[in-house]
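Visitor: What would the 3D arrangement of this be:
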Amino acid sequence: MAIHLRQVCLVAETLEPVVSDLETVFGLRRCYVDPDVGQFGLENTLLAIGSDFIEVVSPIREETAAGRYLERRGGDGGYMVIGQVASQAEQAACRQRAADNAVRVAWEYERPGYRIMQLHPGDMRAAFLEIDWEKRAEMDGFWPPAGGDQWKDNTTSGAVLRGVELQGPDPEALTCHWADIAGAKPEQGAECTRFALANADLRFVKDTDGRGPGLSGVDIAATDGAGMIERARQRGCRVDDRTIIIGGVRFALNG
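Guide: Got it, this is the predicted structure:
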């Protein structure tokens with residue numbers, strides 16, 4: 001599978017305390033604030049997790065797509081799955097598969113050596129899927145949404161992204177839809193369906209929390225799961241077994 005999960009984006013009414021909770025509970029460090037998101041009426045903060053990223057965005061004006069998403073899902077939650085591909089051809093193939101599945105491109109941006117493609121969350125039936133190409137093709141290195149290379153001074157090794165959970169009324173159909181667009185093969189499990197990206201899984205479950213379709217969870221491989229759970233409790237986060245709720249998202253700890 002050519003798509004590499006590089007970033008997961010959460011949306012919150014306000015950046016704090018969500019960013020502080022992520023920072024404290026998982027031992028992450030803030031690595032970048034992107035001024036360009038202001039054009040969408042947002043502010044953001046990125047935190048490095050291994051060589052990948054968790055981003056939190058928050059509306060700073062009325063009538064934004066992010067604000068409407070918050071209203072639709074009843075508060076803070078997951079927002080975007082952001083992947084990286086090694087070539088323009090791979091990105092173009094994904095774009096064609098999206099068109100074949102009646103999925104609109106919500107936004108595109110291009111500059112020399114870099115192209116962003118965001119697929120519409122309504123057509124994706126859960127969340128934004130963004131597929132980016134950057135000419136260096138460094139899947140663990142240079143990443144424009146995190147300011148290039150500067151994030152490397154703020155990364156930690158205690159946690160790594162391992163997957164994303166998306167929910168909807170028909171998980172099997174949602175899996176097939178996303179897999180068709182990603183060019184992947186779905187797998188059937190006991191409790192969910194899934195497919196593999198280059199470095200992580202996307203898994204799909206039934207909506208049981210009443211919030212409707214959306215990005216509902218993130219899987220993390222953690223070297224200090226017990227410490228993370230204790231810090232989460234101290235921060236007042238909800239903890240259920242090895243799952244920590246931050247920003248309306250279920251962070252499942254593995255390892």
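Visitor: you'd agree Glu90 is in a helix?
Guide: Yes: the assignment for Glu90, made by DSSP: H, G, I helix; E, B strand; the rest coil, places it in a helix.
Visitor: Can you tell me the number of residues neighbouring it?
Guide: By other CB atoms under 10 Å, 17 other residues sit near Glu90. Glycine gets a C-beta too; all of them are placed from N, C-alpha and C.
Visitor: measure it to Gly67 for me?
Guide: Going from Glu90 to Gly67 by CB to CB, to the nearest Å gives 32 Å.
Visitor: Met228: how many residues sit nearby?
Guide: Residue crowding around Met228 was assessed by other CB under 10 Å; the count is 24.
Visitor: In this structure Thr243 contacts Phe251, no?
Guide: Yes: at 6.7 Å, Thr243 counts as touching Phe251 under the criterion of CB atoms under 8 Å.
Visitor: which one of those two has more residues nearby?
Guide: Neighbour count, other CB under 10 Å: between Thr243 and Phe251, Phe251 has more, with 26 against 15.
Visitor: what helix or strand does the more buried one sit in?
Guide: strand 249-254 (DSSP states H and E).
Visitor: pLDDT on that strand, on average?
Guide: Averaging pLDDT along strand 249-254 gives 96.
Visitor: Could you do stretch 10-21 as well?
Guide: What stretch 10-21 shows for mean pLDDT is 97.
Visitor: three-state assignment of Glu110?
Guide: Quick answer, by three-state DSSP: Glu110 is strand.
Visitor: again, but for Ile54
Guide: Quick answer, by three-state DSSP: Ile54 is strand.
Visitor: close enough to count as contact, it and Ile220?
Guide: No: using CB under 8 Å, Ile54 is not in contact with Ile220, being 9.4 Å away.
Visitor: Can you pull the residues that touch both of those two?
Guide: The contact sets of Ile54 and Ile220 overlap at Leu161 (CB atoms under 8 Å, 6 or more residues apart in numbering).
Visitor: ok, what's across the strand from Met80?
Guide: Beta bridges link Met80 to Cys9, Phe128, judged by DSSP bridges.
Visitor: what's the distance between it and Leu42?
Guide: On the measure of CB to CB, Met80 and Leu42 end up 12 Å apart.
Visitor: Likewise for Phe204?
Guide: Distance, Phe204 to Leu42, by CB to CB: 27 Å.
Visitor: which element is Val164 on?
Guide: strand 159-168.
Visitor: Which strands or helices does that strand pack on?
Guide: With contacts taken as 3 or more CB pairs under 8 Å, 6 or more residues apart in numbering; DSSP states H and E, strand 159-168 sits against strand 4-11, strand 42-49, strand 52-59, strand 77-85, helix 171-182, strand 201-206, strand 214-222, strand 249-254.
Visitor: domain ranges for the protein?
Guide: Structurally, the chain divides into domains by automatic domain parsing as follows: 4-154, 159-254.
Visitor: Please point out which parts of the one helix or strand Ala106 maps to sit buried.
Guide: Per DSSP H and E, Ala106 falls inside strand 105-111. In terms of neighbour count (16 or more other CB atoms under 10 Å), strand 105-111 has its buried residues at Ala106.
Visitor: which other residues reach the next helix-or-strand element following it?
Guide: Following strand 105-111 in sequence order, the next helix or strand is strand 114-119 (DSSP H and E). For strand 114-119, contacts defined as CB under 8 Å, 6+ apart pick out 80, 88, 91, 94-95, 98, 103-110, 128-135, 144, 181.
Visitor: Give me the buried entries from those residues.
Guide: Neighbour counting with 16+ other CB under 10 Å marks 80, 91, 94-95, 98, 103, 106, 128-134, 181 as buried within those.
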